[in-house]
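Visitor: What follows is a predicted protein model with its sequence.
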Amino acid sequence: MMEEEEPSGRVPKRPLWSGAVTIGLVNVPVKLYVMTFDKAFSFRFLHKQDGQPLKYQRVCVKDNRVVPWEDTTRGYEVRKNQFIMFDTKELDAARPQSSQKIRIDKFVDYFSIDPIYFEKSYILTPDKSSEAYSLLLTALQKTQKAGVGRITLRTKEYPILLHAYKDALVMTTLRYANEISDPTKFEELKQLKEPERKEVDLAIKIVKDLSGDFDITEYKDAYAERIRQLIAKKLKGETIVAEKPVKPEAKELMLALQETLKQLKK
Amino acid sequence: MDKLTKVEFTNLDKILYPDVKLTKEKVIEHYIRMAPRMLEILKNRPTVLTRFPDGINKEGFYEKDMPLGTPSWVKTFREYSETARREINYIVCNDLDTLIWLANLAALEIHMTLSQIDAFDKPDLLAFDLDPQPPAGTDDAVHVALMLKEKLDELGLTPYVKTSGKRGLHILVPIVREYTFAQTREYVHEIARALAQESPIVVSEFSRSKKPGTVYVDYAQNSHGKTMVCPYSLRATSQATVSTPLHWSEVKKGLKPEKLTLSTVAKSKSNPWKGMLEERHRLEESVG
């Protein structure tokens, strides 16, 4: 699929989730939309010889037979090739209940949070009435604060940040602490040399000289651009149309099939 | 081109019968060509398969339960199996696609039950399995088969005969679905006993079934859930023999079941078992 140039225009058709932001006893009904999109090109694997798409199958390592979804279950690898087997029902029972709430526990200074924790952002829009929404948005804008809380999306609970972005409430899911490497664990970072005063002055000067306003549109994906051009070129030429091939060696079978089908219809 | 079958063929070039160099493609073609004659009989009967994915010289396996990856369009019949002590989902081969799918699984031998799923406890076939013990051979089985036919004719029943694909002969009689397996088993056993009284080469009791030079009339297959190789099923024999339905006129001295193979059976267009299940008989009280 060809993607359009500008990354801004896309509005998802359906909300991903709807519920309410709850702060103490206050409820702000909202709908949640996906906000970030992966714009990278995706290619499908094809068979070199005939250009047909390849499909993935789950194959049993023991007998190489293809296993349908309904015959699969989950296993936790305790040791190499040793598994504890789980029933899907057992796992389901352990999962958090999806709730219709974004629970805010407290408010923090938005700029005090390192983006390292940010995972994925979602736009919130008002559901039913917009008064409470507008009030919460204004309060966050005026205080430059962000709410910290949690949400259960599908089957996973996430810590989240609720903040203002361009006149909208945005929820960003956060990584848990144990999902992030701790820099103090790196040996090389433990023995950093103290820089000379003069060097520091020079470095600060360079930083100041190169200072400006942040503008993400100054950055383009050059690889994606080149691929887009290649696709445009190839579209003018020949493309391989996916079709169901009949293997030449199966011709006899097809003939037999046609004859038998005729007989069976009688 | 329209899609002729739901089945995706795999490993068509794989040799399943090394001695006669027959590939899986030939096996599938056999089942496609025999389908109209087979499906008439196989319909609504649970099947048991003997599969040889690596050819008959490698170990095969017996498969009662539907295999992993059975497509959703394949009809199955669920029944608690006393021997397996669990529920078994039998494959029911009611259409061409299922038959082709089985062939593609290298299910060389297809065995069927003697009752249909809508009245699984009520057999609709009597089965006589004539099993000659060397040095007795097919000629002896033929001799007993003709005796048996005479007896069944007298009883007003219509017997149908096929080769087992090995040395023996199978004789089936379609009956109304009003009897239990215990009744049909006893009925078949009684006829076998009557034959044994008339001829010294007939054995009607399991305890003597291995006696050399005799023909054992096996009645035990008339049991709930037991299966018999189905008509036109291939056998896992070196020559790729076929369990072949015959006209009674073909049942005579010199019959060579080993000549009825994948390569020769397809040439015959006649169907000796045509309409077999359309006329079913009641069993008379006395075998005489």
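Guide: Perfect, thanks for sending it. Numbering: from 1, shown residues only, chains lettered A, B, ... in the order given.

Visitor: So for stretch B:130-139, mean pLDDT?
Guide: In this model, stretch B:130-139 has an average pLDDT of 93.

Visitor: Quick check: mean pLDDT of stretch B:9-20?
Guide: For stretch B:9-20, mean pLDDT is 92.

Visitor: How about it and chain A, any contact?
Guide: Yes. Shown here: stretch B:9-20 in contact with chain A (Cβ under 8 Å from any Cβ of the partner chain) through B:9, B:12, B:13. Quick note: C-beta positions are derived from backbone N, CA and C, even for glycine.

Visitor: got those as TSV, with neighbour count, distance to residue B:268 and secondary structure columns?
Guide: Listed next are the residues of stretch B:9-20 next to chain A as TSV, based on neighbours: other Cβ atoms under 10 Å in any protein chain shown; distance: Cβ to Cβ, whole Å; DSSP: H, G, I helix; E, B strand; the rest coil:
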residue	neighbour count	distance to residue B:268	secondary structure
B:9	19	26	coil
B:12	18	25	coil
B:13	8	27	coil
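
Visitor: and of those, the nearest to residue B:231?
Guide: Using Cβ to Cβ, residue B:9 is the member of the residues of stretch B:9-20 next to chain A that sits closest to residue B:231, with 24.0 Å.

Visitor: Relative to residue A:129, how far out is the closest one?
Guide: According to Cβ to Cβ, to the nearest Å, residue B:9 stands 61 Å off from residue A:129.

Visitor: just residue B:23 next, same as before
Guide: 72 Å.

Visitor: tell me the centre residue of chain A?
Guide: When chain A is reduced to its mean C-alpha position, the closest residue under Cα atoms, centre = their mean turns out to be residue A:120, at 6.8 Å.

Visitor: that's a strand at that residue, yeah?
Guide: Yes. Under DSSP: H, G, I helix; E, B strand; the rest coil, residue A:120 falls within a strand.

Visitor: Please, where are all the strands along the stretch 51-200 of chain B?
Guide: Remark: strands of the stretch 51-200 of chain B, listed N- to C-terminal, are B:61-63, B:76-81, B:86-92, B:107-113, B:125-132, B:160-163, B:169-174; assignment by DSSP state E, counting those that start in this stretch.

Visitor: and the first one, how far from the chain's centre?
Guide: When you say that, I think you mean strand B:61-63. 16 Å (Cα atoms, centre = their mean, to the nearest Å).

Visitor: Run through who's touching it.
Guide: B:48, B:49, B:50, B:51, B:107 (Cβ atoms under 8 Å, 6 or more residues apart in numbering or on different chains).

Visitor: before we move on, back to that, nearest to residue A:251, out of the strands of the stretch 51-200 of chain B?
Guide: When those are ranked by proximity to residue A:251, the top entry is strand B:107-113, at 22.9 Å, counting by Cβ to Cβ.

Visitor: Next, the buried residues of stretch B:274-283.
Guide: Buried residues in stretch B:274-283, defined by neighbour count with 16 or more other Cβ atoms under 10 Å in any protein chain shown: B:276, B:280, B:283.

Visitor: Residue A:113: how many residues sit nearby?
Guide: Here the number of neighbours of residue A:113 (other Cβ atoms under 10 Å in any protein chain shown) works out to 16.

Visitor: Give me the phi and psi for it.
Guide: When read as degrees, to the nearest 10, the backbone of residue A:113 gives phi -90, psi 130.

Visitor: tell me which parts of chain A are close to chain B?
Guide: Residues of chain A lying near chain B by Cβ under 8 Å from any Cβ: A:60, A:65-68, A:71, A:244, A:246-247, A:249-250, A:252-254, A:256-261, A:263-264.

Visitor: how about 7 Å then?
Guide: Listed as neighbours of chain B in chain A under the rule Cβ under 7 Å from any Cβ of the partner chain: A:65-68, A:71, A:246, A:249-250, A:252-254, A:256-258, A:260-261, A:263-264.

Visitor: Would you pull up the residue in the stretch 151-288 of chain B closest to chain A?
Guide: Among all residues of the stretch 151-288 of chain B, residue B:266 sits closest to chain A, at 9.3 Å; criterion: Cβ to the nearest Cβ.

Visitor: contacting residues around that residue?
Guide: Counting by Cβ atoms under 7 Å, 6 or more residues apart in numbering or on different chains, residue B:266 makes contact with B:30, B:33.

Visitor: for the stretch 51-200 of chain A, what spans make up the helices?
Guide: In order along the chain, the stretch 51-200 of chain A carries the following helices (DSSP state H, counting those that start in this stretch): A:88-94, A:131-143, A:187-190, A:197-209.

Visitor: what does the stretch 101-250 of chain B give?
Guide: Applying DSSP H, counting those that start in this stretch to the stretch 101-250 of chain B gives helices spanning B:138-154, B:181-198.

Visitor: How about the residues of chain B by chain A?
Guide: Listed as neighbours of chain A in chain B under the rule Cβ under 7 Å from any Cβ: B:1, B:4-5, B:9, B:12-13, B:25, B:28-29, B:32-33, B:35-36, B:68-69, B:96.

Visitor: which one of the buried residues of stretch B:274-283 sits closest to residue A:187?
Guide: The nearest member of the buried residues of stretch B:274-283 to residue A:187, counting by Cβ to Cβ, is residue B:276 at 84.1 Å.

Visitor: tell me the mean pLDDT over stretch A:148-162?
Guide: Per-residue confidence for stretch A:148-162 averages out to 88 on the pLDDT scale.

Visitor: Check stretch A:200-217 too.
Guide: Computed over stretch A:200-217, the mean pLDDT rounds to 87.

Visitor: and if you look at stretch B:192-204?
Guide: When the per-residue pLDDT values of stretch B:192-204 are averaged, the result is 92.

Visitor: Also stretch A:221-236?
Guide: This predicted structure assigns stretch A:221-236 an average pLDDT of 80.

Visitor: quick one: buried residues of that stretch?
Guide: With burial defined by 16+ other Cβ under 10 Å, not one residue of stretch A:221-236 is counted as buried.

Visitor: Now restrict the residues of chain B next to chain A to buried residues only.
Guide: Looking at the residues of chain B next to chain A with 16+ other Cβ under 10 Å, the buried ones turn out to be B:4, B:5, B:9, B:12, B:25, B:28, B:29, B:32, B:33, B:35, B:36, B:96.
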